[in-house]
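what follows is a predicted structure for the sequence shown.
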Amino acid sequence: MEEKKEKQKKKFGWLGLIKVLLLILFIFACSLIYSNKIATHGLKTKEYVIETNKINDFHGFKIVHISDIHYGKTTFKKDLEKLTDEVNRIKPDLIFFTGDLIDDDTEITSEVTDNLISCLKNMKATYGKYAIKGNHDYSVSEYSIIMDNAHFTLLDEKYDTIYSPNNESIFIAGISTNLHGSLSAKDKLNATIEYLNSLETKPNYTILLMHEPDYIKDISYNFDLVLAGHSHNGQVRLPVIGAIALPVGAKEYYDEHYKINNTDLYISSGIGTSDVGLRLFNRPSINLYRIVKR
């Protein structure tokens, strides 16, 4: 009798263990489906107010920051159309794109390029639209053509200045990804910094666009605002723990905001996905910065 009871206990014990394992597998499978099919869509706009005593005319200036679309992975035409609608709803003064337009695995067809040009071209900004190359963009020979036809100014190792009616100025510089080529971020910015240092009248406010945020350590000039992407803020995040996997170039700086000396570094969580097509506790998003007079 005791032996029979002992066998029943073992049987129920094994059944219980199997049920727990099946439940864990079920939860894991549901999490994967949710992370791939649901959490990779549904655009969110993150708003930030940046106070500065360096501007007057540009008080209330609106900047939209887009990054890491990775078109063709989990982002497609409908997602881009929603993105365009949201950007135009905001009515930004400037639009910045900080790299990774098309995913490496995406086949570049005329339909893909037409979709990208159409949506990006329809984004409106009062003072202009600017872009730089991310690490994925170097495998896309059509990148420059797409951005040019979409009326984005490419700022790879270049700069531009916008002016208010009263001649107040915002200086905008850009550097391409540091995961391609032999030049460091410092080398890429040499000409820009030399130009800034040569000016008798300095710009009222300075902005730098870069893809990988970790290379901000190599930049000697104190820009007022630096905008980056690449980290996605950690595509997969867990409560309390935060980001659980980060790419090279975003190991040290990967969250939404850092204050480094007098520089505000903001990092976009991006629109698409890289490597694995998953997002968790981190919806696709764009950033809206409101520059206000302190």
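In hand now; what should we look at? Residues are numbered from 1 along each chain as shown.

CA only for contacts and neighbour counts going forward, please
OK.

how does the protein divide into domains?
With automatic domain parsing serving as the domain definition, the record reports that the chain contains domains spanning 1-38, 44-293.

those: lowest mean pLDDT?
Mean pLDDT values for the domains of the chain show the minimum at domain 1-38, a mean of 63.

which of the domains of the chain is buried the deepest?
Sort these by mean neighbour count, taking mean count of other CA atoms under 10 Å, and domain 44-293 sits at the top with a mean of 19.

just how off-centre is it within its chain?
The chain centre lies 6 Å from the centre of domain 44-293; the measure is CA atoms, centre = their mean, to the nearest Å.

could you tell me the end-to-end distance of stretch 129-136?
20 Å (CA to CA, to the nearest Å).

hey, where'd the strands end up in the chain?
Taking DSSP state E, the strands of the chain run over residues 44-52, 61-66, 94-97, 128-131, 153-154, 158-163, 169-174, 205-209, 225-228, 237-238, 242-243, 257-260, 263-267, 285-293.

make CSV from those strands and add distance to Glu194 to it.
As requested, the strands of the chain are arranged in CSV below (distance: least, CA to CA, whole Å):
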stretch, distance to Glu194
strand 44-52, 24
strand 61-66, 26
strand 94-97, 23
strand 128-131, 21
strand 153-154, 20
strand 158-163, 12
strand 169-174, 12
strand 205-209, 14
strand 225-228, 18
strand 237-238, 40
strand 242-243, 37
strand 257-260, 22
strand 263-267, 19
strand 285-293, 26
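
out of the ones you listed, nearest to Ile145?
strand 153-154 (10.4 Å; CA to CA).

that closest one packs against which elements?
The contact analysis (3 or more CA pairs under 8 Å, 6 or more residues apart in numbering; DSSP states H and E) places strand 153-154 against strand 128-131, helix 143-149.

all helices for this protein, in order.
2-33, 77-90, 110-121, 143-149, 185-198 (DSSP state H).

using PDB, list the CA coordinates for the shortest one.
Included here for helix 143-149 are C-alpha records, laid out as PDB according to Å, rounded to 0.1, in the frame of the first residue of the first chain:
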ATOM      1  CA  TYR A 143      20.800  55.300 -49.800                       C
ATOM      2  CA  SER A 144      22.000  58.700 -51.100                       C
ATOM      3  CA  ILE A 145      19.700  58.600 -54.100                       C
ATOM      4  CA  ILE A 146      16.700  57.900 -51.800                       C
ATOM      5  CA  MET A 147      17.500  60.600 -49.300                       C
ATOM      6  CA  ASP A 148      18.300  63.100 -52.000                       C
ATOM      7  CA  ASN A 149      15.000  62.400 -53.800                       C
END
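
contact partners of stretch 284-294?
Taking CA atoms under 8 Å, 6 or more residues apart in numbering as the criterion, the residues outside stretch 284-294 that touch it are 39-56, 58-67, 268-272.

fine, thanks again, bye for now.
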